[in-house]
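A.B. asks: Curious how this folds, go ahead:
(chains A and B)
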Amino acid sequence: DQQVKQNSPSLSVQEGRISILNCDYTNSMFDYFLWYKKYPAEGPTFLISISSIKDKNEDGRFTVFLNKSAKHLSLHIVPSQPGDSAVYFCAARLSNQAGTALIFGKGTTLSVSS
Amino acid sequence: KAGVTQTPRYLIKTRGQQVTLSCSPISGHRSVSWYQQTPGQGLQFLFEYFSETQRNKGNFPGRFSGRQFSNSRSEMNVSTLELGDSALYLCASRWTSGSPNTGELFFGEGSRLTVL
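C.D. replies: Here you go, the predicted model:
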């Protein structure tokens, strides 16, 4: 039972264009959503997050949109650069009195060509 | 500030053996989580420790265990290794106080375990 889904395993974009990475979730109890970027042989690095009470958060070239009614979020990268080529993971935070866990999607590999 | 440090970076074991992985969190971070990354399953949550107590546990068998020490350093142990345990094991730490607390995790580079 996958609570966080990234249905596109890969995405190819030309340099300068927009990259849109999508993520769907099923659990209404998630209170934060995060995007991580991962290069081979490195740990994931945090990119941007959004609270479940917001619908948009922007940080430089990266914008995350949240549609709660559709249980869908997306990451927009504008303009895309070759250095953005990596695996992008969508994650959702589940908090309770016991603690916190991030539930990750399986990732989308972004390739930006020059 | 030093990042999350994991040791060893690479190791090879055979089926039936056990393994211990170590993680030193970022200074001041008191919560440590462990994740398993495999090609087919992505990143899966193993467990979270805070103040030397396991606070949350993912859906893994009892062969997977962990602990946290008073200095926040953590270890995870996998006993009776199976071929399917081959994976990248990632440790992550986070702030547990102050605001805003988005739950952002800071990951180490991982320990690559191969089970033969």
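
A.B. asks: after the worst-scoring helix or strand of chain A on mean pLDDT, next one along is what?
C.D. replies: Among the helices and strands of chain A, strand A:100-104 carries the lowest confidence by mean pLDDT, DSSP states H and E, at a mean of 86. Counting by DSSP states H and E, the next helix or strand C-terminal to strand A:100-104 is strand A:108-113.

A.B. asks: Adjacent strands (with direction) for the least confident helix or strand of chain A?
C.D. replies: Here strand A:100-104 is paired, per DSSP bridges, with strand A:86-95 (antiparallel).

A.B. asks: Buried residues of the strand it pairs with, list them for me.
C.D. replies: Of the residues in strand A:86-95, those buried under the neighbour-count criterion (16 or more other CB atoms under 10 Å in any protein chain shown) are A:86-94. Any C-beta I mention is one placed from the backbone N, CA and C, and that applies to glycine too.

A.B. asks: My read is that B:Ser22 contacts B:Phe69, right?
C.D. replies: No - B:Ser22 is beyond contact range of B:Phe69, at 10.1 Å (criterion: CB atoms under 8 Å).

A.B. asks: who touches both of those two?
C.D. replies: B:Glu75 (CB atoms under 8 Å, 6 or more residues apart in numbering or on different chains).

A.B. asks: For the closest residue to A:Cys23 other than its chain neighbours, name its beta-bridge partners.
C.D. replies: Computed as CB to CB, 6 or more residues apart in numbering or on different chains, the closest residue to A:Cys23 that is not its neighbour in sequence is A:Cys90, at 3.4 Å. Using DSSP bridges, the beta-bridge partners of A:Cys90 come out as A:Trp35.

A.B. asks: what residues are up against A:Cys90?
C.D. replies: With CB under 8 Å, 6+ apart, A:Cys90 has these contacts: A:4, A:6, A:21, A:23, A:33-35, A:73, A:75, A:104-105.

A.B. asks: hmm, 6 Å instead?
C.D. replies: Counting by CB atoms under 6 Å, 6 or more residues apart in numbering or on different chains, A:Cys90 makes contact with A:4, A:6, A:23, A:105.

A.B. asks: Only the buried subset of the residues you listed, as a ChimeraX command please.
C.D. replies: Buried subset of the contacts of A:Cys90, written as a ChimeraX selection, criterion 16+ other CB under 10 Å:
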select /A:4,6,23,105
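
A.B. asks: Mind checking which of the contacts of A:Cys90 are in strands?
C.D. replies: A:4, A:23 (DSSP state E).
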